[in-house]
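> Fold the following and give me the result.
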Amino acid sequence: MKPKNNVIFVTTKIRTMDLNFNKNEDYNKLLTTDLNKRLAQVKLGGGKPKIEKEHAKGKMTARERIDYLLDSKSKSIEVGAFAGDGMYTEHGGCPSGGVVVKIGYIKGKQCVVVANDATVKAGAWFPITAKKNLRAQEIAMENKLPIIYLVDSAGVYLPMQDEIFPDKEHFGRIFRNNAQMSSMGITQISAIMGSCVAGGAYLPVMSDEAIIVDKTASIFLAGSYLVKAAIGESIDNETLGGAKTHCEISGVTDYKAKNDADALDKIKSIIDKIGDFDKAGFSKVPAKKPKENAEDLYGLLPKSRADQYDMYEIIKRLVDGSEFEEYKADYGKTIITAYARVEGWAVGIVANQRKLVKNAKGEMQFGGVIYNDSADKATRFIANCNQKNIPLVFLQDVTGFMVGSKSEHSGIIKDGAKMVNALSNSVVPKFTVIIGNSYGAGNYAMCGKAYDPRLIIAWPSAALAVMSGNSAAKVLLQIETASLKKKGETITPKKEAELFDEIKSRYDQQVSPYYSAARLWTDAVIDPTDTRDWISMGIEAANHAPIEKAFNMGVIQV
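Predicted coordinates for the structure are as follows:
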């Protein structure tokens, strides 16, 4: 590295013949291959027969509708692709939560698109479906982005109605958000492209404009069978709530479309007329590619989550020109704080250094651990980025805060609390990338889900939990063996090893990035080489929403 005016210009060359690098590369590329296989399976929704059934009705699938709607050859990112993964198996599963959510461009304007997947239980709403829809609305509200709903749903999945209907963050919250977004001036457009029944019928009507597809779509509070049972009236669904009824008689919908493509074209035309937006004013210059090869990320990241590595090398492959200006470079070295650009956007990076470092006293500090000085530095840097209106990017590979008498006597809890305070009160948009470990309070301090990152994504190498599988298994094993001994059972070394493996296997499943993504604790599991796209599109979205609140840390212990 050659410093010049405090800016670090990178000249590092990766030794492609390095055996360890090659082993890491093979391992991480296999993880990415597995990711792509999982995504391919998810994109089939309810399966090929269900897709063919939709085509036979003259309908596009949810993903085909979104692909048609978004500008061709433009970038897009999918939120919650793995929602519901491995969940509801007793009900036949719910791939992608039965709804597809993408952030992309329509007529050059960045939008959120939400499309019910009718191949998954006729688009019925599972608990995770509601959570994913609320996440899509949250993204639109935070960033003041237009949101498009492509409605094709049979309504609440009745066998699980108690987990989706009555609570604050359940189905009804969606309509509350519709009203809130309307008052905020956020454009909402709905296209009814299939079933739209019961409470779900309010969503398109609470949108700014609603389109309905003739013959294949309908909207009503109760279908013909329920109408017959409730009041004895015999009527077919088309007459009850089809396009002719709602465009010519009730006035519930605003436009009649001949087919799916026609409905989507009408949306494009409406979006094309939307005026410009106020901007948050984040700094942007022409983008530059990193000088270092992004493909090196596979070889730089170690196979074992316990191994040390240099986070500087990761940063160099994520930022423009592989250039960054480090803040307090010689202080609090287990956290790296630096100013850089990603696709032209100015960012403040807060990253866990995973290499053993030496502090000013000559003491060795473990990589991935947050020490007092690291927390102090990060707190000040977060405040500086808020002062300068610079979005924050957190690169997580953290095992937690340093423990022990020395740290406690030095006030690690106080310093950690300051960092969490600055993070919690930050008003600039935050983006989190979970590269490796994300354990315990370290997850919180490095902007985990609870701290409102605009987007939070994970690499296939990520691991999210209170502690590592190995550590947790040891603790749980002690509890389990103590319980068995109380019952008079003899614990042989073999039995103890079997118990350990069983506990660790169970815990490791929960540590998986796919377990977190299934529950929407993260927005996506991504190929590491796609990280720049997620950050840049996220900042572009955030630039739609001017910051209206001043940064204030409140009361802290100095």
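
> Every contact and neighbour count from this point should use C-alpha atoms.
Fine.

> List the residues that contact residue 76.
Residues near residue 76 by C-alpha atoms under 8 Å, 6 or more residues apart in numbering: 102-105.

> Just among those, which is most surrounded?
The most neighbours of any of these, using other C-alpha atoms under 10 Å, belong to residue 103, which has 25 neighbours.

> and residue 361, that's in a helix?
No. Assignment of residue 361 by DSSP: H, G, I helix; E, B strand; the rest coil gives coil, placing it outside any helix.

> Next, count neighbours for it.
6.

> Check residue 466 too.
17.

> Tell me how far the residue nearest to it when sequence neighbours are not counted lies from residue 463.
Counting by C-alpha to C-alpha, 6 or more residues apart in numbering, residue 440 is the residue found nearest to residue 466 once chain neighbours are left out, at 4.2 Å. Using C-alpha to C-alpha, to the nearest Å, residue 440 is found at 11 Å from residue 463.

> and the two? which has more neighbours close in?
Neighbour count, other C-alpha under 10 Å: between residue 440 and residue 463, residue 463 has more, with 29 against 17.

> sorry, back to before: just checking, the residue nearest to residue 466 touches residue 370?
No. With contact defined as C-alpha atoms under 8 Å, residue 440 and residue 370 do not form a contacting pair (11.6 Å).

> Assign the residue of the chain most remote from its centre to helix, strand or coil.
Centroid-distance maximum for the chain: residue 488 at 47.8 Å, with C-alpha atoms, centre = their mean. Under three-state DSSP, residue 488 falls in the coil class.

> can you check the one 3 residues further on too?
Following three-state DSSP, residue 491 is assigned to coil.

> try residue 194
Following three-state DSSP, the label given to residue 194 is strand.

> That one - how many residues pack around it?
For residue 194, using other C-alpha under 10 Å, the count is 26.

> do you know how far it is from residue 119?
Going from residue 194 to residue 119 by C-alpha to C-alpha gives 12 Å.

> and what of residue 107?
For residue 107, the distance to residue 119 equals 28 Å [C-alpha to C-alpha].

> In terms of neighbours, single out the busier of these two.
residue 119 (27 against 18).

> which residue sits closest to the more buried one in space, ignoring its chain neighbours?
Spatial nearest neighbour of residue 119, excluding adjacent residues (C-alpha to C-alpha, 6+ apart): residue 46 at 4.7 Å.

> repeat for residue 526
Nearest non-adjacent residue to residue 526 (C-alpha to C-alpha, 6+ apart): residue 459, at 5.3 Å.

> Help me confirm that the one you found comes into contact with residue 530.
No. The pair residue 459 / residue 530 is not scored as a contact, 9.7 Å apart, by C-alpha under 8 Å.

> Which one's more surrounded, the two?
Neighbours per residue (other C-alpha under 10 Å) separate residue 459 from residue 530, with residue 459 holding more: 24 against 13.

> And that one, how far from residue 333?
In terms of C-alpha to C-alpha, residue 459 sits 24 Å off from residue 333.

> and if you look at residue 90?
For residue 90 relative to residue 333 (C-alpha to C-alpha), the value is 49 Å.

> which of these two has more neighbours?
residue 333 (26 against 6).

> Can you give the contact residues for the one helix or strand residue 374 maps to?
Counting by DSSP states H and E, the element that carries residue 374 is helix 372-388. Helix 372-388 is contacted by residues 327-328, 331-335, 337, 348, 350, 391-392, 407, 410-412, 415-416, 418-420, 422-423, 426-428, 551 when judged by C-alpha under 8 Å, 6+ apart.

> now with 6 Å?
With contacts defined as C-alpha atoms under 6 Å, 6 or more residues apart in numbering, helix 372-388 is touched by 332, 335, 412, 415-416, 419, 422, 428.

> List buried residues within those residues.
Neighbour-count burial within those applies to 332, 335, 412, 415-416, 419, 422, 428; the criterion is 16 or more other C-alpha atoms under 10 Å.

> returning to that earlier point: and the next helix or strand along the chain from the helix holding residue 374, which strands flank it?
Using DSSP H and E, the helix or strand that follows helix 372-388 in sequence is strand 392-398. Strand pairing for strand 392-398, using DSSP bridges, gives strand 345-352 (parallel), strand 430-439 (parallel).

> Mean confidence (pLDDT) on the helix or strand following the shortest one, please.
Where DSSP H and E defines the elements, the next helix or strand beyond strand 345-352 is strand 357-358. In this model, strand 357-358 carries a mean pLDDT of 92.

> what's the answer for stretch 488-497, then?
Here the average pLDDT along stretch 488-497 is 80.

> mind listing the helices for the stretch 1-150 of the chain?
Assigned by DSSP state H, counting those that start in this stretch, the stretch 1-150 of the chain shows helices spanning 19-42, 48-56, 62-69, 127-143.

> Now do the second one: everything it contacts.
Residues outside helix 48-56 that contact it (C-alpha under 6 Å, 6+ apart) are residue 119.

> Now do it against helix 62-69, angle only.
Orientation of helix 48-56 against helix 62-69 (axes from the mean of the first three to the mean of the last three C-alpha atoms, to 10 degrees) gives an angle of 50 degrees.

> which parts of the helix holding residue 374 are buried?
Result for helix 372-388 [16+ other C-alpha under 10 Å]: buried residues 372-383, 385-386.

> tell me the two of these that are most distant?
Using C-alpha to C-alpha, the pair of these lying farthest apart is 372 and 386, separated by 21.6 Å.

> In strands, which of the buried ones among the contacts of helix 372-388 fall?
Residues of those located in strands (DSSP state E): residue 335.

> In JSON lines: the buried ones among the contacts of helix 372-388, plus distance to residue 283 and pLDDT.
Output for those, formatted as JSON lines (distance: C-alpha to C-alpha, whole Å; pLDDT from 0 to 100):
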{"residue": "332", "distance to residue 283": "27", "pLDDT": "96"}
{"residue": "335", "distance to residue 283": "24", "pLDDT": "98"}
{"residue": "412", "distance to residue 283": "35", "pLDDT": "90"}
{"residue": "415", "distance to residue 283": "30", "pLDDT": "90"}
{"residue": "416", "distance to residue 283": "30", "pLDDT": "92"}
{"residue": "419", "distance to residue 283": "25", "pLDDT": "95"}
{"residue": "422", "distance to residue 283": "22", "pLDDT": "95"}
{"residue": "428", "distance to residue 283": "12", "pLDDT": "98"}
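
> Out of the buried ones among the contacts of helix 372-388, which two sit at the greatest distance?
412 and 428 (25.8 Å).

> got the contact list for residue 335?
351-353, 374.

> Name the residues linked to it by a beta bridge.
residue 352.

> picking up where we left off before, which stretch among the strands paired with strand 392-398 comes nearest residue 123?
strand 430-439 (30.7 Å).

> tell me which strands and helices the helix or strand following the closest one is in contact with?
Downstream of strand 430-439, the first helix or strand assigned by DSSP H and E is helix 440-445. Judged by 3 or more C-alpha pairs under 6 Å, 6 or more residues apart in numbering; DSSP states H and E, helix 440-445 is in contact with strand 400-401.

> 10 Å instead?
When contacts are defined as 3 or more C-alpha pairs under 10 Å, 6 or more residues apart in numbering; DSSP states H and E, helix 440-445 sits against strand 369-370, helix 372-388, strand 392-398, strand 400-401, helix 412-425, strand 430-439, strand 463-465.
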